[in-house]
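Undergrad: sequence? don't have it. structure:
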């Protein structure tokens, strides 16, 4: 089968989404992909879903304790989602205004 795939060209593929994939990633990578998942029922996620961990890490790195709205606008998400990613907004070393002070005596 490998000998046959070496002779396959993009032009030989039917005009559908798979031809577009082969044109984009190359016929060799297309054949490798088919060896891995060919014949399977497959859900292909949206790129945004795959990039979510990278986006969330950037948001956490840029978070300063109060810039929820700025980050929400920058990443086209809601400030509520920014809050769920970053937490309650306590910056490291920040004192809690209403928290109980621990007694060290």
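TA: All right, it came through fine. Computed from a predicted model, the values in this text were never measured in an experiment.
Undergrad: touching, residue 55 and residue 76? I think so.
TA: No - judged on C-beta atoms under 8 Å, residue 55 makes no contact with residue 76 at a distance of 9.8 Å. Just so you know, the C-beta spots here come from the backbone N, C-alpha and C atoms, and that holds for glycine as well.
Undergrad: who has more neighbours out of those two?
TA: With neighbours defined as other C-beta atoms under 10 Å, residue 55 and residue 76 compare such that residue 55 has more, 14 against 8.
Undergrad: wait, what's in contact with the nearest residue to the more buried one once chain neighbours are set aside?
TA: The shortest distance from residue 55 to any non-neighbouring residue, by C-beta to C-beta, 6 or more residues apart in numbering, is to residue 75 (6.0 Å). By C-beta atoms under 8 Å, 6 or more residues apart in numbering, the residues touching residue 75 are 55, 58, 59, 82.
Undergrad: now the buried members of these.
TA: Burial by neighbour count, 16 or more other C-beta atoms under 10 Å: within those this picks out 59, 82.
Undergrad: could I get the contacts of residue 75 as CSV with distance to residue 24?
TA: Formatted as CSV, the contacts of residue 75 follow (distance: C-beta to C-beta, whole Å):
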residue, distance to residue 24
55, 23
58, 26
59, 29
82, 33
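Undergrad: of the contacts of residue 75, closest to residue 66?
TA: residue 82 (11.1 Å; C-beta to C-beta).
Undergrad: residues near residue 30, how many?
TA: Using other C-beta under 10 Å: residue 30 sits among 19 other residues.
Undergrad: now for the worst-scoring helix or strand of the chain on mean pLDDT, which elements pack on it?
TA: In the chain, no helix or strand scores lower on mean pLDDT, DSSP states H and E than helix 2-7, which sits at a mean of 86. Packing partners of helix 2-7 (3 or more C-beta pairs under 8 Å, 6 or more residues apart in numbering; DSSP states H and E): none among the helices and strands.
Undergrad: any idea how far it is from the middle of the chain?
TA: 34 Å (C-alpha atoms, centre = their mean, to the nearest Å).
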